[in-house]
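Undergrad: Pasted the sequence and its predicted model underneath.
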Amino acid sequence: MSLEREVRAKLAGKRNPDQEREAQEWLEAVLGRKFPAGVLYEDYIRDGQVLCEVMNKLQPGIVPKINSSGGQFKMMENINQFQQALKAYGVPDVDVFQTIDLWEKKDIAQVTTTLFALGRTTYRHADWKGPWLGPRPAEEHKRDFTEEQLRAGEGIIGLQAGQNKGATQAGQNIGAGRKILLGK
């Protein structure tokens, strides 16, 4: 099997149809329209127009110009504008896919992961009233301990320190013992 085929098989194995369906349903809900019947999820979002429209729904005007014609470079420019809008909206840079992942369909699983990261980021924008995608991110829950409470914890030895209440492996014999034969 060639290296390219191996890589393609590995990337195809990372794809999760349930997540892709959920991401598509979220995109449809945000846009207020269904994807065309018979068109694959990755084919419909490939030119970046739909993704830019979604960003403009989440935050109006974040993508100033969406190219609808002009060849592949204009369509790839849509994807780049979407990526810049994601970062401006608050999606961490590590969650953003590369243009080639979508345009050449090299890693659609990463594109779906980016959409989930965008969905999680919408929870942090109070002006967005839904729909949401993915779990709500945890918020900070700061705790204040008194000095007395902190000192009380110093005398406790956790199991990470190696204490296991006297249990040992002494006397356990698994399998045959090692026999050393001298002089042979």
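TA: Received the coordinates, thanks. Keep in mind it's a predicted model, so treat the numbers as computed, not measured.

Undergrad: Any figure for the gap between Leu40 and Leu118?
TA: Using C-beta to C-beta, to the nearest Å, one gets 20 Å for the distance from Leu40 to Leu118. C-beta: built from backbone N, CA, C; applies to glycine.

Undergrad: quick one: low-confidence ranges for the protein?
TA: 1, 7-13, 157-180, 184 (pLDDT under 70).

Undergrad: can you map out the helices along it?
TA: 3-14, 17-31, 41-45, 49-58, 72-89, 99-103, 108-121, 147-154 (DSSP state H).

Undergrad: Mean neighbour count, the ones you listed: which tops it?
TA: Greatest average neighbour count among those goes to helix 108-121 (a mean of 21), per mean count of other C-beta atoms under 10 Å.

Undergrad: Just want the angle from that helix to helix 49-58.
TA: Taking axes from the mean of the first three to the mean of the last three C-alpha atoms, to 10 degrees, one finds helix 108-121 and helix 49-58 inclined to each other by 10 degrees.

Undergrad: Only alpha carbons, please: show helix 108-121 as CSV.
TA: Extracted in CSV, the C-alpha atoms of helix 108-121 (Å, rounded to 0.1, in the frame of the first residue of the first chain):
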residue,chain,number,x,y,z
ILE,A,108,-12.4,17.0,7.1
ALA,A,109,-12.3,15.7,10.7
GLN,A,110,-10.2,18.8,11.6
VAL,A,111,-12.7,21.1,9.9
THR,A,112,-15.5,19.5,12.0
THR,A,113,-13.4,19.9,15.1
THR,A,114,-13.0,23.6,14.3
LEU,A,115,-16.8,24.0,13.9
PHE,A,116,-17.2,22.4,17.3
ALA,A,117,-14.7,24.9,18.7
LEU,A,118,-16.7,27.7,17.2
GLY,A,119,-19.9,26.3,18.7
ARG,A,120,-18.3,26.2,22.1
THR,A,121,-17.0,29.8,21.7
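
Undergrad: what angle sits between it and helix 72-89?
TA: Using the same axes, to 10 degrees: helix 108-121 against helix 72-89 is 40 degrees.

Undergrad: which secondary structure elements does helix 108-121 contact?
TA: Helices and strands touching helix 108-121, as assessed by 3 or more C-beta pairs under 8 Å, 6 or more residues apart in numbering; DSSP states H and E, comprise helix 3-14, helix 17-31, helix 41-45, helix 72-89, helix 99-103.

Undergrad: Pull the residues that contact that helix.
TA: For helix 108-121, contacts defined as C-beta atoms under 8 Å, 6 or more residues apart in numbering pick out 11, 14-16, 19-20, 23, 26-27, 41-42, 45, 54, 58, 86, 89-92, 95-98, 101-102, 132-137.
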